[in-house]
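Chemist: Structure of the sequence below:
(one chain, ligands or ions: 1)
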Amino acid sequence: MKHNFGAGPCILPQVVFKEAAEAIVDFNGLSILEISHRSPEFVAVMEEAQSLVKKALNVPDGYSVLFLQGGASLGFTIASLNMMRDTKKAGYINTGAWAKGAIGEAKAVGIDVNVFASSEDNNFGHIPKGYTVPTDVDYIHYTSNNTIFGTQFHAIPETSLPLVCDMSSDIFSKPVDVSKFDIIYAGAQKNLGPAGATLFIVKDSILGKSTSEFMPKYLNLKNHADKGSMLNTPPVFSVYAAMLNLRDLVANGGVEAVEVRNQAKAEALYSEIDNNPSFKGTVPVEDRSNMNITFLLNDEADKDAFDKLWNNAEIVGLKGHRSVGGYRASMYNALTIESVQVLTSVMSELTRSKG
Ligand code: PMP
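Modeler: Predicted coordinates for the structure are as follows:
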């Protein structure tokens, strides 16, 4: 059994793999891959998935839950198009590659982007603070967890304007006050399910209010909400597996319980990084992510020895992103504390072996 610290697509609960695999062979006498998305069986899956999202995140009335395609990358475009209003301006916080991607796509649809906070001058090694949120824009956008750089917002930015968030890499890892947001979007392939679906949680009152002249049918969230997320063929298998995963999450105490487990895992690894003289973290304590933990060797000469140790321990997916270097341990919901302990023990082993 391998310990999967990959950044996404990533580990999901074993029971989800098993049940999803069974449904590929037999889902009410057909394969889940061959059923019609209009069949009563799949309509029931979609409705259960939507209601489990609402249950898990305590989504208030007045929001729609949609499973679209295109990934969070198309979400950048969809969010900006649907939030464009009279000023055609938006405020963005730039916390790394994905935030930059969102900024680029907003500009591409004609939005005048005000990047009012950024950590680019520090290679995105912290979460910006002390900024002034603009008030002369249509909406504010931020990325709650920066998958590549290992930083995470631990508070929601204060604003009275509509708020949009890319939660791709920390959704369902902890409770979130959905009522503060107008659009939350997330690629499925971290804590939700297999790649292929993109989750949107949208305040109904924003639907159909865009001032954009360019609005292809698929990119208008109102069309999806009006059709119960069945405007066209949804990513059937991905929605089914996400539904299984959400069932498992809710049955095991929901996001409240998983947050406690995620904190314990993150504390175990950060404490090893901070106390082991061979390693150092890359992010100040208050901005550290509980999902993606980035760290470096203090002495690059240890690289071969450390790489050998973790590879021998059946750890996979630990290599850092090229823009940060070093290592990145992604510790999504389904990664067990035992896997984290395997990692911390090889880190200790490296230091012991040096005498
Ligand atoms: N935003 C964040 C925070 C991400 O981590 C990722 C992918 N890892 C993306 C956006 C892009 O997602 P997708 O590949 O689904 O387009």
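
Chemist: What mean pLDDT does stretch 69-81 get?
Modeler: For stretch 69-81, mean pLDDT rounds to 98.

Chemist: quick check, that stretch touching the ligand?
Modeler: Yes: contact of stretch 69-81 with the ligand (C-beta under 6 Å from any ligand atom) involves 71, 72, 73. Bear in mind the C-beta positions are built from the backbone N, C-alpha and C, glycine included.

Chemist: Stretch 332-348 now?
Modeler: No: Stretch 332-348 does not reach the ligand (C-beta under 6 Å from any ligand atom); its nearest approach is 11.2 Å.

Chemist: Number the chain from 51, please
Modeler: Okay, using 51 as the starting number, the last item reads as stretch 382-398.

Chemist: buried set for that stretch?
Modeler: 382, 383, 384, 385, 389, 390, 392, 393, 394, 396, 397 (16 or more other C-beta atoms under 10 Å).

Chemist: can you check stretch 290-310 too?
Modeler: Buried, per 16+ other C-beta under 10 Å, within stretch 290-310: 290-299, 304-305, 308-309.

Chemist: Could you give the separation of that stretch from the chain centroid?
Modeler: 15 Å (C-alpha atoms, centre = their mean, to the nearest Å).

Chemist: Any idea how far apart the tips of that stretch sit?
Modeler: Using C-alpha to C-alpha, to the nearest Å, the gap from the first to the last residue of stretch 290-310 comes to 27 Å.

Chemist: Strands of the stretch 151-300 of the chain, start to end?
Modeler: For the stretch 151-300 of the chain, applying DSSP state E, counting those that start in this stretch gives strands covering 162-168, 189-193, 195-196, 201-202, 213-216, 233-237, 248-253.

Chemist: Nearest to residue 56 among these would be which one?
Modeler: Nearest of these to residue 56, taken as C-beta to C-beta: strand 233-237 at 14.1 Å.

Chemist: which helices and strands does the closest one pack with?
Modeler: helix 121-133, strand 213-216, strand 248-253 (3 or more C-beta pairs under 8 Å, 6 or more residues apart in numbering; DSSP states H and E).

Chemist: tell me the average confidence for the second one?
Modeler: What it means is strand 213-216. Here the average pLDDT along strand 213-216 is 99.

Chemist: dump the residue contacts of residue 282.
Modeler: residue 268 (C-beta atoms under 8 Å, 6 or more residues apart in numbering).

Chemist: Against residue 122, how distant is it?
Modeler: Counting by C-beta to C-beta, to the nearest Å, the gap from residue 282 to residue 122 is 19 Å.

Chemist: which residues are in contact with the longest helix seen in the chain?
Modeler: Longest helix of the chain, by residue count under DSSP state H: helix 304-325. Helix 304-325 has contacts (C-beta under 8 Å, 6+ apart) with 105-107, 222-226, 299, 302, 329-331, 335, 338-341, 343, 345, 379, 381, 383, 385, 387, 390-391, 393-394, 397-398.

Chemist: Give the next helix or strand downstream of that helix.
Modeler: Going down the chain from helix 304-325, the next helix or strand is strand 329-331, by DSSP states H and E.

Chemist: Thank you, goodbye.
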